[in-house]
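Asker: Below are the sequence and a predicted model; questions follow.
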Amino acid sequence: MDRLSEAVLAGAPARDLVRLPVPDGYRAAQLRAEDVGMFGDATDRDVRKSLRVTDTPMPELAPDEALVAVMASSINYNTVWSATFEPVPTFAFLRRLARRGGPDARHDQPYHVIGSDGAGVVVRVGAGVRRWQPGDHVGISCVQVDDHEPATHADAMLGAEQRIWGYETNFGGLAHYTVVKANQLLPKPPHLTWEEAAGNLLTAATSYRMLISERGARVKLGDIVLIWGATGGLGAFAVQLVKAAGGIAIGVVGSERKVAIARRLGCDVVLNRAELGIGEPPASADEAIGHGRRLGRAIRAAVGEDPHIAFDYVGRATFPLSLFVVRRGGAVVTCGSSTGYQHHYDNRYLWMNLKRIIGSHAANLQEQWECNRLFTLGHLRPVLSAVYPLEEVGEAARLVQTNGHLGKVGVLCLAPEPGTGVTDPALRERLDSARLGEILRAS
């Protein structure tokens, strides 16, 4: 291990961190451009075959960037997309970014260091960074923006140059070090461990924008919210947000085991899609209506009404049902399509019933800040169910790829073991911060 990493692990003060040299390289989970065609026509694109953990050259730091020693990261579904080279190989994103020239040219490499979550310690800052300094404990937002772009100042997610770090950029978070824009940094909640803090910002903030933000569905007291995949990373945070806002959470899960877990996470009603016969994507719009009728009857039997909002990131298998079951004037808010991007639905149920579709993507820095604040106050809790070392990142990603996980799957980077990084143990004890993670790990 290099001297700078050793100092970070020892809790060295900022003056010591800046005196120590930055290493020439670091360990990182990366994909190789030469492997893009490795899966051919295989139906199972096993991410353990494409993900490599290897030594990687240290990039130069731009004036508006920070170098962070990553203590922990986590697996998101874009990790799976990256490692399967679908829907497109991420090297196309890196080439496009590099064409901007200047420091962005660094991103076009024959390797791609992936990962869009992270928590760690700032060890260097560029000459243009003002708000952060070496020694700061930080969480990392997944969103990189160009703050010279006018649209960014209305809503960063509207900017044409907005990118997801570690997916559409190089030097991501599944590594011992990462390079990030300074405007990606947020203070790490002091009562959380490194791995707990590392698994929150992408999924929790995405759920926050979808449900709470004025740019999303704006859940209010008494709203009935249908939540697909209520025990997954996005869904488990959605349940917490709906309950905190005074809503009624109806979770949909895929197995009897997950029914019990969803109830323990806080769902008012839990439906097993397998029992309802809606486990497979509908083959047509008419079949989707049939599935939607069964789902609608189950919801009305449980709460007496149709849902106000459907929280949907599953896509082809669920979106037509979401659109069908929400009430007149209701809304479907979507941030992804993990089962396919082509959605087939009967448009009459949209326009004739005045329903709305709200597209949502990640979250801007202000939304990320507000979401992070909820963790610090104890109104949101981590949903970490498993933790792997960086050297086993392929196994961690495979767990998510096969939908064998609950909540979030963490990855220890420089942190030597789970449970480190808490700087306010009294607050941790008062907030009972580990409770939801313990529920998932015990299940």
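Answerer: Sure thing, it's come through. Residues are numbered from 1 along each chain as shown.
Asker: Packing partners of the longest helix along the chain?
Answerer: Using DSSP state H to define each element, the chain has its longest helix at helix 285-303. When contacts are defined as 3 or more C-beta pairs under 8 Å, 6 or more residues apart in numbering; DSSP states H and E, helix 285-303 packs onto strand 224-228, strand 248-253, strand 269-272, helix 273-276, helix 319-325. Just so you know, the C-beta spots here come from the backbone N, C-alpha and C atoms, and that holds for glycine as well.
Asker: hmm, 7 Å instead?
Answerer: Helix 285-303 sits against strand 269-272, helix 273-276, helix 319-325, with contacts defined as 3 or more C-beta pairs under 7 Å, 6 or more residues apart in numbering; DSSP states H and E.
Asker: got JSON lines for these, with distance to Gly118, mean neighbour count and mean pLDDT too?
Answerer: What follows is the helices and strands packed on helix 285-303, written out as JSON lines (distance: least, C-beta to C-beta, whole Å; neighbours: other C-beta atoms under 10 Å; pLDDT from 0 to 100):
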{"stretch": "strand 269-272", "distance to Gly118": "32", "mean neighbour count": "21", "mean pLDDT": "97"}
{"stretch": "helix 273-276", "distance to Gly118": "33", "mean neighbour count": "16", "mean pLDDT": "92"}
{"stretch": "helix 319-325", "distance to Gly118": "31", "mean neighbour count": "27", "mean pLDDT": "95"}
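Asker: Same list (the ones you listed) but as a markdown table, adding distance to Gly115.
Answerer: Formatted as a markdown table, those follow (distance: least, C-beta to C-beta, whole Å):
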| stretch | distance to Gly115 |
| --- | --- |
| strand 269-272 | 32 |
| helix 273-276 | 30 |
| helix 319-325 | 28 |
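Asker: hang on, isn't Val179 packed against Asp64?
Answerer: No - if you go by C-beta atoms under 7 Å, Val179 and Asp64 don't touch, sitting 10.8 Å apart.
Asker: Among the two, which residue is more densely surrounded?
Answerer: Just comparing Val179 and Asp64: by other C-beta atoms under 10 Å the higher neighbour count belongs to Val179, 25 against 16.
Asker: how much space is there between the more buried one and Asp146?
Answerer: 16 Å (C-beta to C-beta, to the nearest Å).
Asker: quick one, which of the helices and strands packed on helix 285-303 is nearest to Thr231?
Answerer: Counting by C-beta to C-beta, Thr231 lies closest to strand 269-272 out of these; the figure is 9.3 Å.
Asker: Identify the residues contacting the closest one?
Answerer: 250-253, 255-256, 259, 262-263, 298, 302-303 (C-beta atoms under 7 Å, 6 or more residues apart in numbering).
Asker: Who does that strand pair with, and is each partner parallel or antiparallel?
Answerer: Here strand 269-272 has these sheet partners by DSSP bridges: strand 248-253 (parallel).
Asker: ok, Ile299 - contacts?
Answerer: Taking C-beta under 7 Å, 6+ apart as the definition, contacts of Ile299 comprise 250, 306-307, 325.
Asker: hmm, try it at 10 Å
Answerer: Applying C-beta atoms under 10 Å, 6 or more residues apart in numbering to Ile299 gives the contacts 224, 226, 250, 252, 269, 271, 305-307, 325-326.
Asker: just Asp104 next, same as before
Answerer: Applying C-beta under 10 Å, 6+ apart, the residues near Asp104 are 62, 94, 96-98, 161, 169-170.
Asker: gap between Pro63 and Ala217?
Answerer: 38 Å.
Asker: same question, Pro57
Answerer: 44 Å.
Asker: Which residue ranges of the stretch 301-443 of the chain form helices?
Answerer: 319-325, 348-351, 365-377, 393-401, 425-431, 435-441 (DSSP state H, counting those that start in this stretch).
Asker: Looking at those helices, which is nearest to Tyr208?
Answerer: Comparing the helices of the stretch 301-443 of the chain by C-beta to C-beta, helix 365-377 comes nearest, at 4.2 Å.
Asker: Could you pick out the longest strand of the protein?
Answerer: strand 65-75 (DSSP state E).
Asker: what's downstream of that one, the next helix or strand?
Answerer: Per DSSP states H and E, the first helix or strand lying C-terminal to strand 65-75 is helix 77-84.
Asker: what is the rounded mean pLDDT of that following helix?
Answerer: For helix 77-84, mean pLDDT rounds to 96.
Asker: how far does it sit from the chain's center?
Answerer: Put simply, helix 77-84 sits 12 Å off its chain's centre (C-alpha atoms, centre = their mean, to the nearest Å).
Asker: So for Pro57 and Ala217, which residue has more residues nearby?
Answerer: Remark: of Pro57 and Ala217, Ala217 carries more neighbours, 25 against 12, as counted by other C-beta under 10 Å.
Asker: wait, isn't the more buried one in contact with Ser322?
Answerer: No - counting by C-beta atoms under 10 Å, Ser322 is not a contact partner of Ala217; they are 11.8 Å apart.
Asker: Quick check: neighbours shared by these two?
Answerer: Contact criterion C-beta under 10 Å, 6+ apart; residues shared by Ala217 and Ser322: 309-311, 330-333.
Asker: Can you tell me which of these end up in strands?
Answerer: 309-311, 331-333.
Asker: among the residues you listed, which two are most distant?
Answerer: Phe311 and Ala331 (9.8 Å).
Asker: which neighbours do these two share?
Answerer: Joint contacts of Phe311 and Ala331 (C-beta under 10 Å, 6+ apart) are 216-217, 225, 322.
Asker: for stretch 336-345, the distance to its chain's centre please.
Answerer: Per C-alpha atoms, centre = their mean, the centroid offset for stretch 336-345 relative to its chain is 19 Å.
Asker: about what we covered before: tell me which strands the longest strand of the chain pairs with, and in which orientation.
Answerer: strand 119-125 (antiparallel), strand 177-181 (antiparallel), strand 408-412 (antiparallel).
Asker: Quick one: mean pLDDT for the helix or strand that comes right after the longest one?
Answerer: So that's strand 119-125. Using DSSP H and E, the helix or strand that follows strand 119-125 in sequence is strand 137-140. Confidence for strand 137-140, expressed as mean pLDDT, is 98.
Asker: What pairs with strand 137-140, parallel or antiparallel?
Answerer: strand 119-125 (antiparallel), strand 185-187 (antiparallel).
Asker: for the ones you listed, which one sits closest to Pro382?
Answerer: Here strand 119-125 is closest among the strands paired with strand 137-140 (C-beta to C-beta), at 10.9 Å.
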